[in-house]
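S.K.: Below: sequence and its predicted model.
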Amino acid sequence: MSGISDYIDSEVKNSDVVLFMKGTPGFPQCGFSGQVVQILDYVGVDYKGINVLDSSELRQGIKEYSNWPTIPQLYVKGEFVGGCDIVREMFQAGELQSFFDEKGIKVKGAA
């Protein structure tokens, strides 16, 4: 199992914003992943989408890595932010944009 943890760890640490999701940013395969993609696209942040449906090992591994039972999972600068509900609440409260800002991540258009 360490192989998958190492892979997740390197993805999380080497990309500023990573979304572990079902499907891809262009074609989300669950509503929750789709909502997070819409929010990130709306905020205008560059992120890497990783499709957990490609591998059951990855799907299980990410849950163990974060100790979080659901997907999608958003990581910013190596830090686990949360899943769909948390991202949506932060976005609706206007906190998501300032969170990215604090982390030094450029957002293209702010609401």
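M.R.: Nice, thanks for sending it over. Because the structure is predicted, anything quoted here is derived from the model rather than measured.
S.K.: can we go C-alpha only for contacts and neighbour counts from here?
M.R.: OK.
S.K.: pretty sure residue 88 is touching residue 38, no?
M.R.: No. Residue 88 is beyond contact range of residue 38, at 10.1 Å (criterion: CA atoms under 8 Å).
S.K.: neighbour count winner among the two?
M.R.: Neighbour totals were compared for residue 88 and residue 38, and residue 88 leads with 19 against 14 (other CA atoms under 10 Å).
S.K.: list the contacts for that one?
M.R.: Residue 88 is in contact with 35-36, 39, counting by CA atoms under 8 Å, 6 or more residues apart in numbering.
S.K.: Of the residues you listed - the most surrounded one?
M.R.: That'd be residue 36 among those, by other CA under 10 Å, with 25 neighbours.
S.K.: which stretches of this structure aren't confidently modelled?
M.R.: Applying pLDDT under 70 to the chain flags residues 1, 109-111.
S.K.: Which residue ranges of it form helices?
M.R.: Ranges of helices in the chain, per DSSP state H, are 2-14, 31-43, 56-66, 84-92, 95-102.
S.K.: most packed of these?
M.R.: Using mean count of other CA atoms under 10 Å, the stretch among these with the largest mean neighbour count is helix 31-43, at a mean of 19.
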